[in-house]
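K.L.:
Sharing a model that was predicted from the sequence below.
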Amino acid sequence: MSNSKTLNIIIFGIGNVGSTLIHQINLAKPKLQAQQNLIINIPVVTNSKLAFFNEFGISNTWECDFDTFSVPYKIEEIIAFVNKYDLKNLVAIDATASKDFVENYIPLIQNGFHIISANKVANTLSYEFYNQLRLTLKKCNKSFLYETNVGAGLPIIETVKRLYDSGEQIQKIRGVFSGSLSYIFNEFSSNDVPFSKVLNQATTIGLTEPDAREDLSGNDVARKLLILARELNLKAEINDVSIESLVPKQLNGKTTLHQFKTRSKEFDAPFLEIKNKQKKGDVLRYVGELNVEKNTLEVKLVSEDKNSSIGQLKGANSVFEIYSDSYQESPLVIQGAGAGKDVTARGLFSDIIKLSNSLN
Ligand SMILES: NC(=O)C1=CN([C@@H]2O[C@H](COP(=O)(O)OP(=O)(O)OC[C@H]3O[C@@H](n4cnc5c(N)ncnc54)[C@H](OP(=O)(O)O)[C@@H]3O)[C@@H](O)[C@H]2O)C=CC1
Ligand SMILES: N[C@@H](CC=O)C(=O)O
């Protein structure tokens, strides 16, 4: 088709989020081509060890093809492959939760890739790396989009950044930043169920991180706070976040993921005690707060009246209250599903379209 634009998207990570994104892209293809003259080609998909290559793009049978034809790979082989077939408008999607994979960002950018990431790691390593990444992007004229890092598909980063860039003084961002913990405390507060059971449910439906200890330890919320702080040009580090971990002391630090999973019942007694000690009508909420004026970042468990804005949350909803000069008495509130493979994949897809619109 004349004047059409083709994006070549390599998807790293084909778990909950990555595979849902492929499904959404496959469904949207005819409409994108007809309405936007946009062709999305996915020539490579990978998990942590194997990659499936097809220069013409994967088809609806990609899962079967991956099982049959995937091979062990190195990042250099993917770069060589896209060069061999002269593929243009290259986009690397990071749908992993991997720190190791982030080491590939700079080489990928230097070899012509834009990056779109659901993985929060790159934005929460040292401030030095944060800057180095941005300098490389500028030098190579490439984009890095990561709206799904905070609030999954909700437009949090874009809203905060637009306010900040337009000169708005933001004083505070407060809310329930974790979709999985919102779900867990909603289910736990309103039903007579053991904590470990709702934790397992949250993992099974893909709300938690691949390693749920990241959510329960407060690391995931701390990362989101740090990402927002850095959008506001605060030179904070992850260690600056004060975190109240939800992981019982005996499970903190030294357990493997497998041991942790088999010992999840050890959450039940302490959380039942916390629940029973609450005032009638209160619910548990895991809250994050970035106070720009005081330069503090805090993650903690609180009891909230179930009729308060934060107490009323349902399901896996997150809520972000942004207090600024123009929104002092009545904060700007963004609320909705804050986790889940469908909303997160849709958020990545929306970053793909945003990137596409910025390319000639
Ligand atoms: N679930 C949600 O609601 C949200 C998730 N996110 C983020 O999305 C990301 C993906 O989450 P989710 O899909 O649930 O995770 P999954 O565990 O379901 O999938 C992770 C995928 O990444 C692959 N992977 C791991 N390490 C590497 C590596 N070094 N190189 C290439 N691939 C690798 C895994 O492969 P293998 O099977 O071989 O290990 C797997 O295919 C996470 O960073 C998460 O924080 C962000 C917002 C919301
Ligand atoms: N595990 C995270 C997923 C989104 O970032 C959460 O529970 O919010």
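P.N.:
Noted; the coordinates are in hand. Ligands and ions are numbered 1, 2, ... in the order given.
K.L.:
contacts, neighbours, all on C-alpha from now
P.N.:
Fine.
K.L.:
And the helix or strand of the chain with the lowest mean pLDDT, what's buried?
P.N.:
The least trusted helix or strand in the chain, going by mean pLDDT, DSSP states H and E, turns out to be helix 257-262, with a mean of 91. Within helix 257-262, the residues scored as buried using 16 or more other Cα atoms under 10 Å are 260-261.
K.L.:
what do you get for stretch 261-276?
P.N.:
Quick answer for stretch 261-276 (16+ other Cα under 10 Å): 261, 264, 266-267, 271-272, 275.
K.L.:
With distance to ligand 2 added, can I get those residues in CSV?
P.N.:
Putting the buried residues of stretch 261-276 into CSV (distance: Cα to the nearest ligand atom, whole Å) gives the following:
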residue, distance to ligand 2
261, 16
264, 17
266, 20
267, 18
271, 18
272, 21
275, 20
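K.L.:
Among those residues, which lie within helices?
P.N.:
When these are checked against helices (DSSP state H), the matches are 261, 271-272, 275.
K.L.:
quick one: stretch 13-21 to chain centroid distance?
P.N.:
12 Å (Cα atoms, centre = their mean, to the nearest Å).
K.L.:
Just want the most central residue of the protein.
P.N.:
In the chain, the centroid-proximal residue (Cα atoms, centre = their mean) is residue 149; its distance is 3.5 Å.
K.L.:
In contact with it, which residues?
P.N.:
Contacts for residue 149 were tallied using Cα atoms under 8 Å, 6 or more residues apart in numbering; they are 117-120, 224, 227.
K.L.:
near ligand 1, which residues of the stretch 101-250 of the chain show up?
P.N.:
Residues of the stretch 101-250 of the chain lying near ligand 1 by Cα under 6 Å from any ligand atom: 101, 118-120, 148-149, 152, 206-210.
K.L.:
Tell me the helices and strands packed up against the helix or strand hosting residue 285.
P.N.:
Assessed by DSSP states H and E, residue 285 sits inside strand 282-291. In terms of contacts (3 or more Cα pairs under 8 Å, 6 or more residues apart in numbering; DSSP states H and E), strand 282-291 is packed against strand 170-176, helix 179-190, helix 219-231, strand 296-305.
K.L.:
Redo these as JSON lines? Include distance to residue 22, mean pLDDT and mean neighbour count.
P.N.:
Converted to JSON lines, the helices and strands packed on strand 282-291 look like this (distance: least, Cα to Cα, whole Å; pLDDT from 0 to 100; neighbours: other Cα atoms under 10 Å):
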{"stretch": "strand 170-176", "distance to residue 22": "29", "mean pLDDT": "97", "mean neighbour count": "21"}
{"stretch": "helix 179-190", "distance to residue 22": "23", "mean pLDDT": "95", "mean neighbour count": "24"}
{"stretch": "helix 219-231", "distance to residue 22": "25", "mean pLDDT": "98", "mean neighbour count": "23"}
{"stretch": "strand 296-305", "distance to residue 22": "34", "mean pLDDT": "96", "mean neighbour count": "18"}
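K.L.:
what's the closest of these to ligand 2?
P.N.:
helix 179-190 (3.5 Å; Cα to the nearest ligand atom).
K.L.:
For the strand holding residue 285, the averaged confidence score.
P.N.:
Average pLDDT, strand 282-291: 96.
K.L.:
and what of stretch 141-154?
P.N.:
98.
K.L.:
what's the closest of the residues of the stretch 101-250 of the chain next to ligand 1 to residue 91?
P.N.:
Nearest to residue 91 among those: residue 118, at 13.4 Å, using Cα to Cα.
K.L.:
that older thread, just the CA atoms of the least confident helix or strand of the chain, as CSV, please.
P.N.:
Only the C-alpha atoms of helix 257-262 are listed here, as CSV (Å, rounded to 0.1, in the frame of the first residue of the first chain):
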residue,chain,number,x,y,z
LEU,A,257,10.8,-17.8,45.4
HIS,A,258,9.8,-21.4,45.7
GLN,A,259,10.2,-21.4,49.5
PHE,A,260,8.3,-18.2,49.7
LYS,A,261,5.4,-19.6,47.8
THR,A,262,5.2,-22.7,49.9
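K.L.:
So it, near ligand 1 or not?
P.N.:
No. Residues of helix 257-262 contacting ligand 1 under Cα under 6 Å from any ligand atom: none, with a closest distance of 12.7 Å.
K.L.:
Now do the helices in this protein.
P.N.:
With DSSP H as the criterion, the chain has helices at 16-36, 62-69, 75-84, 99-102, 105-110, 127-140, 156-165, 179-190, 195-204, 213-216, 219-231, 257-262, 268-277, 341-358.
K.L.:
Can you confirm whether the longest one lies near ligand 2?
P.N.:
No. Against ligand 2, helix 16-36 shows no contacts by Cα under 6 Å from any ligand atom, the least distance being 10.2 Å.
K.L.:
Nice, that's everything, thank you.
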